[in-house]
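> Need a 3D model of the sequence below.
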Amino acid sequence: MKITEYGNGFLFEPKNIKVNFKDAQGNSVKEEKVRIANIIDPNNRSLYDIIWKDENQVKITMNYEGETKILTHNFNTEQMKISTK
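Numbering: from 1, shown residues only. The predicted model follows:
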């Protein structure tokens with residue numbers, strides 16, 4: 001799992017981040033775009049908290065200026081969920 005794009009959402013910059021999910025061999029199996037919820041604050045790595053629940057489940061907490069988004073992904077079932085706090 002790797003976040004590959006940190007857009008800022010400003011006028012000409014991307015308004016999404018890209019999260020790539022890869023298998024054990026490093027092959028990309030899924031890419032998810034998440035809309036950034038910042039209006040003024042710059043987007044950077046410190047806004048993201050990545051926690052592995054176990055070897056198959058990852059939880060990414062995105063602490064944006066406007067809201068907190070949580071992305072969970074299960075590599076066994078390929079189920080993904082995005083929620084907000």
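
> can you tell me which residue is nearest the centre of this protein?
residue 19 (5.0 Å; Cα atoms, centre = their mean).

> Now do the SS call for that one.
Under DSSP: H, G, I helix; E, B strand; the rest coil, the three-state class of residue 19 is strand.

> Report the contact partners of it.
Residue 19 makes contacts with 1-4, 31-34, 60, 71, as judged by Cβ atoms under 8 Å, 6 or more residues apart in numbering. C-betas here are computed from N, CA, C, even on glycine.

> tell me which residues form a beta bridge with it?
residue 3, residue 32 (DSSP bridges).

> Can you tell me how far it is from residue 40?
23 Å (Cβ to Cβ, to the nearest Å).

> Over to residue 71?
On the measure of Cβ to Cβ, residue 71 and residue 40 end up 23 Å apart.

> Neighbour count: those two, which is higher?
A count of neighbours by other Cβ atoms under 10 Å puts residue 71 above the other of residue 71 and residue 40, at 21 against 9.

> How about the more buried one: what's its closest non-neighbour residue?
Excluding the flanking residues, the one nearest residue 71 by Cβ to Cβ, 6 or more residues apart in numbering is residue 60, at 4.5 Å.

> For stretch 40-60, buried residues please.
Of all the residues in stretch 40-60, those buried under the rule 16 or more other Cβ atoms under 10 Å are 43, 47-48, 58, 60.

> and residue 73, how many residues sit next to it?
20.

> Buried residues of whatever helix or strand it lives in, list them for me.
Taking DSSP states H and E as the criterion, residue 73 maps to strand 68-74. Counting neighbours by 16+ other Cβ under 10 Å, one finds that the buried residues in strand 68-74 are 69, 71-73.

> pLDDT and distance to residue 85 added to those residues, as a markdown table?
Converted to a markdown table, those look like this (pLDDT from 0 to 100; distance: Cβ to Cβ, whole Å):
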| residue | pLDDT | distance to residue 85 |
| --- | --- | --- |
| 69 | 95 | 8 |
| 71 | 95 | 12 |
| 72 | 95 | 13 |
| 73 | 93 | 18 |
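
> Appreciated, that's everything.
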